[in-house]
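# Predicted model and sequence follow; I will ask about them next.
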Amino acid sequence: MKRSERHHLKENAFAVAMASLGGQLSDWGRSLAVGIAIGTALLVLYGGYSFWTDRNSGRAGFLLAEALVVADAPVVPPPPPEAAEGEGAETAPVPPFVQPPGTYPSLEAKMNEALPRLLNAANAYPSSQPGITARYRAAAALANLGRHDEAAAEYREVIDQDAGLYARMAALGLADVELARGSAAAAIELLESASGAEAAAQLPLDGVLMRLATAYDRAGRTGDARATYQRVLDEFPASPYLGSAERELEALSNDG
């Protein structure tokens with residue numbers, strides 16, 4: 001083959017290779033452009049979602065904070081009326097009691113005012129963490145007011161919405177409500193679940209066991225109640241419930 005022909009073939013091969021490379025770069029360019037467009041769209045969507053969730057979380061937190069100002073306010077009951085020192089005795093006039101600002105005369109008065117605020121925060125943003133916190137506090141307020149059926153419904157809603165600490169705390173609250181309603185069996189089921197290893201990692205187990213022992217006693221399961229109080233004594237020698245466990249165990253032994 002002549003030198004000129006070989007040179008011509010090399011030039012053709014080079015031209016084909018460059019054309020192929022140009023086509024690949026063009027394809028890559030289009031793919032890169034598409035990738036950039038998709039990435040940009042995802043960033044916009046994520047940014048919008050983050051903005052929306054942050055905004056909702058901020059509003060929920062504001063509503064919760066407003067409610068907690070009332071729910072956590074101090075209770076300052078009015079003083080009892082002065083007893084007369086005797087008939088005809090002259091006493092200095094006592095100035096009328098004035099409720100200090102930011103306080104409430106009773107727990108009931110405070111809970112009655114806090115409850116609608118807590119429920120408003122819970123219902124406005126039910127799946128947000130502030131909303132879940134507000135619902136838990138609303139359930140506790142209802143329980144304090146003796147509105148056990150409503151409290152049970154709110155505690156169950158917390159359990160459905162949350163998968164962490166508040167769900168476990170709500171299970172304990174619901175157990176207390178069930179005991180108050182006379183449903184010891186339902187309370188036992190909740191408390192036995194709350195005394196397992198997974199739940200005990202987030203809850204004070206000695207406190208759960210004290211509740212469980214009480215539920216066993218209410219259900220007439222005296223042997224289980226004794227064993228559970230004894231478990232508190234054996235496993236938690238520094239527990240603040242130690243004295244109560246000893247007294248309850250002694251009372252059960254005397255009754256049995």
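Arrived safely, thanks for sending. Residues are numbered from 1 along each chain as shown.
# Provide a list of residues in contact with the residue nearest in space to the middle of the chain.
The centroid of the chain falls nearest to residue 166 when counting by C-alpha atoms, centre = their mean (2.8 Å). Shown in contact with residue 166 (C-beta atoms under 8 Å, 6 or more residues apart in numbering): 132, 133, 136, 158. The C-beta positions use only the backbone N, C-alpha and C, and glycine is treated the same way.
# can I get the residues you listed in CSV with secondary structure and distance to residue 179?
Formatted as CSV, these follow (DSSP: H, G, I helix; E, B strand; the rest coil; distance: C-beta to C-beta, whole Å):
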residue, secondary structure, distance to residue 179
132, helix, 24
133, helix, 24
136, helix, 18
158, helix, 18
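# out of the residues you listed, who has the most neighbours?
residue 158 (27 neighbours; other C-beta atoms under 10 Å).
# quick one: contacts for that one?
Applying C-beta under 8 Å, 6+ apart, we find residue 158 in contact with 132, 135, 136, 139, 166, 167, 170.
# Residue 254: which of those residues is nearest?
Closest approach between those and residue 254, by C-beta to C-beta: residue 170, at 35.5 Å.
# so the closest one touches residue 155, yeah?
Yes - in this structure, residue 170 is within contact of residue 155 by C-beta atoms under 8 Å, at 4.5 Å.
# Check the contact lists of these two and give me the overlap.
Joint contacts of residue 170 and residue 155 (C-beta under 8 Å, 6+ apart) are 136, 139.
# thinking again about what came up before, of the contacts of residue 158, which is the nearest to residue 199?
Lowest distance from residue 199 to those (C-beta to C-beta) belongs to residue 167, with 9.6 Å.
# Now the helix or strand containing that closest one: buried residues?
Using DSSP states H and E, residue 167 falls within helix 165-180. Neighbour-count burial for helix 165-180 flags 166-179 (criterion: 16 or more other C-beta atoms under 10 Å).
# Now that helix: average pLDDT?
For helix 165-180, mean pLDDT rounds to 96.
# Tell me which helix or strand comes right after it.
helix 184-194.
# Okay, buried residues for that following helix please.
For helix 184-194, a neighbour-count test (16+ other C-beta under 10 Å) marks 184, 186, 187, 188, 190, 191, 194 as buried.
# For it, C-alpha coordinates in CSV please.
Taking C-alpha atoms only, helix 184-194 is exported to CSV below (Å, rounded to 0.1, in the frame of the first residue of the first chain):
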residue,chain,number,x,y,z
ALA,A,184,-57.4,-3.7,85.7
ALA,A,185,-57.0,-6.3,83.0
ALA,A,186,-56.5,-3.7,80.3
ALA,A,187,-54.0,-1.8,82.5
ILE,A,188,-52.1,-5.0,83.1
GLU,A,189,-51.8,-5.7,79.4
LEU,A,190,-50.4,-2.2,78.8
LEU,A,191,-48.0,-2.3,81.8
GLU,A,192,-46.6,-5.7,81.0
SER,A,193,-45.8,-4.5,77.6
ALA,A,194,-44.2,-1.3,79.1
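# packing partners for that helix?
helix 165-180, helix 205-218 (3 or more C-beta pairs under 8 Å, 6 or more residues apart in numbering; DSSP states H and E).
# I am finished for the moment; much appreciated.
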